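# turn this into a model:
(2 chains)
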Amino acid sequence: MPIERVHSFLVHPAKNEAEQPNIGGTDIPRRGSLFRMLTGVFERAAEECKIDIVFRAGPGGEQQNECRHLLVAYVEHPTIPRGRLIASRLQSVSTHRSGLGLLFLMKGEADGEQRLVISRFPADQGVIAEEQAEHLSVEFVERVFMKSAKAYKSAFYSSDAPERGFWDGRAVDLQIRGPRELSDYWIREFLLSELRTTGPAGTKRLAVALRDAIHSADDLVVKHELISAANLMRGQEGRRQSARQLVQQLGLSEAATTALQESFPRADLLDEVFQFDRAEFERHAPYRAVGLDNGALLIAEDARFNEVFQQQEVGEGAGQVRYITQGRVVDEELRKTK
Amino acid sequence: MNDPIADYQRRYEAFLKAVARNLQSHLEGHLAGVPHIDRIAARAKDPARFAEKARRTKEDGSPKYHRPLTEIQDQLGARVIVFYQHDVSVVADVIARYFQPIEKRELVPESEWEFGYVGRHFVLPLPRDVVPEGVDLAEVPRFFELQIKTLFQHAWSEAEHDLGYKGRTALSPDQLRRLAYTAAQAWGADRVFDELRAELHA
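Modelled structure (predicted):
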């Protein structure tokens, strides 16, 4: 999987600044330790970039996107001037919080497809120590890059016809620690893209899979575990993560995770990242839980809740209600709630 | 496989028809409960039509598509037909919740004097939910086209398409005028029905 060209640009934080700093750019020679390190980034990108993204439509709804246009032009002719236009885009959305960054554009070919990997490494501070014959010189520097070569942002595009085919890609932000922070700066502002799976679409898929898994679970422990998970998921509003990350975070057992996975149309859909949408989850919520002020907690399948529990108004006002249900006890357990 | 037309034929038989069926069910699921929907349909492009499109050339005789399996975006298409113009926006709002479009356009004639009556058009990422387990995602189109039309827009488009003329230049001024008349009739019928809907269901 050879890299054909690599260009690098120093990108300053200059969002909303009238005067944009000049951007220095260079052609990286295809040899040496830097090239070897970048080859690793390029080769890992297909696996590492797990967040599916698509470019946004143009302002009039047309199939046109300013950032994509720059990327396609670069892939057609990877030159420093064309790369600098991409770096300028990044600079125009980089805040001081994002800081100084070193942008690498890596163009290559793999499996008959043109491939573009874009990576941004943040600047850091460091100390250079040079040992000479009789003494040691120590110097503080403010533009150290890749002190940790694993903390970077990347985007990956691959197609046999970039002019038509570069409409979707994948991204990753290895600088962040939590899914909540998935970088708007990198995906929305710089790449002018959105998650391929909308929040409601990903949330609905998860809710429906949970409902189906609960229905089909023969093991009551697994069933209860999934019901509990459904209730806990309501607290995930706005979080961007995959269903797999979510179930890992909730600590679901292997049996419950397998039951959930089998209810997805494809196993790989568990890894699609989406933004959790509580309203959508409620719309398809598999179970409804009602708590009363006397400590009772009633849980039933949402669609059958009113059938399972008959509700009666009692007393005058004050919202007093009586729920009536009847059935054979199939399971009973004590759980510690706090 | 080097021949994209033969490769498309293979994909069509192997999984594209199934993907289209799943896409139709998927859209029906999203639009369940939305009133005034006449029908929802999805199809994989017929191989003969794909072949015809893949072989098209530009004016200078060079091929229009070098990589037709990537470049032709309507290999999978879906259509939602609604009763009234108002319903087009209702359906479009639901679509916007569940899909991130790379194209969304109201297809209208370029001038008030032109004929044509086509509807709302989207190019959307194909949800992987509709791809059967075991099918290689690399062989499945990444996007599909969706049109939302009123019954009259649909009827006009279907009849106009069936006439099969090769571009507007192939029509005489009188034929053009009569086609424009049918478009205007359909447009007028839609408008009046939408006004009646607003008055009677307000």
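
# how many neighbouring residues does residue B:60 have?
Neighbourhood size, residue B:60 [other C-beta atoms under 10 Å in any protein chain shown]: 5. Backbone N, C-alpha and C define where each C-beta goes, glycine included.

# then the one 4 residues further on?
Residue crowding around residue B:64 was assessed by other C-beta under 10 Å; the count is 14.

# give me the distance between residue B:6 and residue A:143.
55 Å (C-beta to C-beta, to the nearest Å).

# thought residue B:145 was touching residue B:102, still the case?
No: the criterion here is C-beta atoms under 8 Å, and residue B:102 misses it with residue B:145 at 10.9 Å.

# enumerate the residues of chain B near chain A.
By C-beta under 8 Å from any C-beta of the partner chain, the residues of chain B that approach chain A are B:66-67, B:70-71, B:73, B:97-106, B:123, B:125, B:127-131, B:133, B:137, B:142-143.

# so how do I select the buried members of these in PyMOL?
The PyMOL command for the buried members of the residues of chain B next to chain A (criterion: 16 or more other C-beta atoms under 10 Å in any protein chain shown) is given here:
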select buried, chain B and resi 67+70+71+73+98+99+100+101+102+103+104+105+123+125+127+128+129+130+131+142+143
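
# got the contact list for the residue nearest to residue A:324 when sequence neighbours are not counted?
Spatial nearest neighbour of residue A:324, excluding adjacent residues (C-beta to C-beta, 6 or more residues apart in numbering or on different chains): residue A:310 at 4.6 Å. Remark: with contacts taken as C-beta atoms under 8 Å, 6 or more residues apart in numbering or on different chains, residue A:310 is in contact with A:323, A:324, A:325.

# so how far is residue B:30 from residue A:201?
Residue A:201 is 8 Å from residue B:30, by C-beta to C-beta.

# what's the overlap in contacts for the two?
Counting by C-beta under 8 Å, 6+ apart, the common neighbours of residue A:201 and residue B:30 are B:97, B:98.

# which of the two has more neighbours?
Using other C-beta under 10 Å, the more surrounded residue of residue A:201 and residue B:30 is residue A:201, with 24 against 20.

# out of everything not next to it in sequence, what's closest to that one?
The shortest distance from residue A:201 to any non-neighbouring residue, by C-beta to C-beta, 6+ apart, is to residue B:98 (4.4 Å).

# got phi/psi on the one you found?
Dihedral pair for residue B:98: phi -100, psi -10, per degrees, to the nearest 10.

# buried stuff in the top helix by length along chain B?
In chain B, assigned by DSSP state H, the helix with the most residues is helix B:173-200. Buried positions in helix B:173-200, judged by neighbour count with 16+ other C-beta under 10 Å: B:179, B:180, B:183, B:186, B:187, B:190, B:193, B:194, B:197.

# make TSV from those residues and add pLDDT to it.
Shown next, in TSV, are the buried residues of helix B:173-200 (pLDDT from 0 to 100):
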residue	pLDDT
B:179	86
B:180	85
B:183	88
B:186	90
B:187	90
B:190	91
B:193	93
B:194	93
B:197	91
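
# in JSON lines: those, plus distance to residue A:315.
Putting those into JSON lines (distance: C-beta to C-beta, whole Å) gives the following:
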{"residue": "B:179", "distance to residue A:315": "71"}
{"residue": "B:180", "distance to residue A:315": "71"}
{"residue": "B:183", "distance to residue A:315": "65"}
{"residue": "B:186", "distance to residue A:315": "61"}
{"residue": "B:187", "distance to residue A:315": "60"}
{"residue": "B:190", "distance to residue A:315": "55"}
{"residue": "B:193", "distance to residue A:315": "52"}
{"residue": "B:194", "distance to residue A:315": "50"}
{"residue": "B:197", "distance to residue A:315": "46"}
